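Enquirer: structural data only, the sequence is not supplied:
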């Protein structure tokens, strides 16, 4: 199989996989419609943009972020964190696998509680994203923070995953990996350029092919 055939096969396989995946694109400024003010030193938890997702297949699905809308750098650095295994410096996507910030499991655990735990674990300033399990709602949620290292940082809840729910939700967090969080998506023009390039390579190969 020549290079062109292998390339086309790879693209076809990728396209087939993509057809079975569900990508949730976040491309709106996270506090649009909110009175949040990161400079006031008071935490705002904004849920005006929260999406409800029926479920999330960690084997195939992705959260896709247009990072130009978030002040979270130009790339994503993933960590699945517990108090015993905190995220590495510079991590800006954190899946929090701790569910109690006050030693009382009967106390409701929400976005602010999760952000407090993360702020105590993170050692560098910077905006980012985290996932946690909300005990009152019984769902896992995706949240944006203006500063993961600041306990008063403003938070925007981006999504809630409806399944699994209840007691099964916290355990599902361990299934998330770096591949579920994507920093950018190619613009349609990029696909057009790629296909045009493949066509040009194919034409060149045909012209160079020996004639029988």
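Expert: That came in fine, so what should we check first? As the structure is a computational prediction, the values presented were derived from the model and not from experiment.
Enquirer: list the contacts of residue 136.
Expert: 108, 109, 110 (C-beta atoms under 8 Å, 6 or more residues apart in numbering). Quick note: C-beta positions are derived from backbone N, CA and C, even for glycine.
Enquirer: who wins for most neighbours among the residues you listed?
Expert: Within the contacts of residue 136, most neighbours by other C-beta atoms under 10 Å means residue 109, with 23 neighbours.
Enquirer: hmm, it is touching residue 99, no?
Expert: Yes: if you go by C-beta atoms under 8 Å, residue 109 and residue 99 touch, sitting 5.4 Å apart.
Enquirer: might you report the residue contacts of residue 141?
Expert: Contacts of residue 141 by C-beta under 8 Å, 6+ apart are 50, 111, 131, 132, 133, 134, 157, 158, 159, 160, 161.
Enquirer: the fifth one belongs to a strand?
Expert: I take that to be residue 133. Yes: assessed with DSSP: H, G, I helix; E, B strand; the rest coil, residue 133 lies in a strand.
Enquirer: how would you label residue 156: helix, strand or coil?
Expert: strand.
Enquirer: got the phi and psi for the spatially most central residue of the chain?
Expert: Centroid-nearest residue in the chain: residue 181, 3.4 Å away (criterion: C-alpha atoms, centre = their mean). Dihedral pair for residue 181: phi -120, psi 110, per degrees, to the nearest 10.
Enquirer: show me what contacts the nearest residue to residue 48 once chain neighbours are set aside?
Expert: Excluding the flanking residues, the one nearest residue 48 by C-beta to C-beta, 6 or more residues apart in numbering is residue 33, at 4.8 Å. Listed by C-beta under 8 Å, 6+ apart, the contact set of residue 33 reads 46, 48, 49.
Enquirer: the second one contacts residue 34, correct?
Expert: Yes: in this structure, residue 48 is within contact of residue 34 by C-beta under 8 Å, at 6.0 Å.
Enquirer: who's more crowded, the two?
Expert: For the pair residue 48 and residue 34, the greater number of neighbours falls to residue 34 (16 against 12), based on other C-beta under 10 Å.
Enquirer: show me what contacts the closest residue to that one other than its chain neighbours?
Expert: In space, and not counting its chain neighbours, residue 34 is closest to residue 46: 4.2 Å by C-beta to C-beta, 6+ apart. Residue 46 makes contact with 30, 31, 33, 34, 36, 154, 155, 156, 157, according to C-beta under 8 Å, 6+ apart.
Enquirer: which among those residues gets closest to residue 169?
Expert: Closest to residue 169 out of those is residue 157 (15.1 Å), distances taken as C-beta to C-beta.
Enquirer: number of nearby residues for the closest one?
Expert: Counted with other C-beta under 10 Å, residue 157 comes out at 20.
Enquirer: distance of it from residue 124?
Expert: 23 Å (C-beta to C-beta, to the nearest Å).
Enquirer: got the phi and psi for residue 141?
Expert: Here residue 141 shows phi and psi, under degrees, to the nearest 10, equal to phi -130, psi 150.
Enquirer: if we can go back for a sec, which residues does the residue nearest to residue 34 bridge with?
Expert: Note on residue 46: beta-bridge partners residue 156, judged by DSSP bridges.
Enquirer: which pLDDT value goes with it?
Expert: We have a pLDDT of 97 for residue 46.
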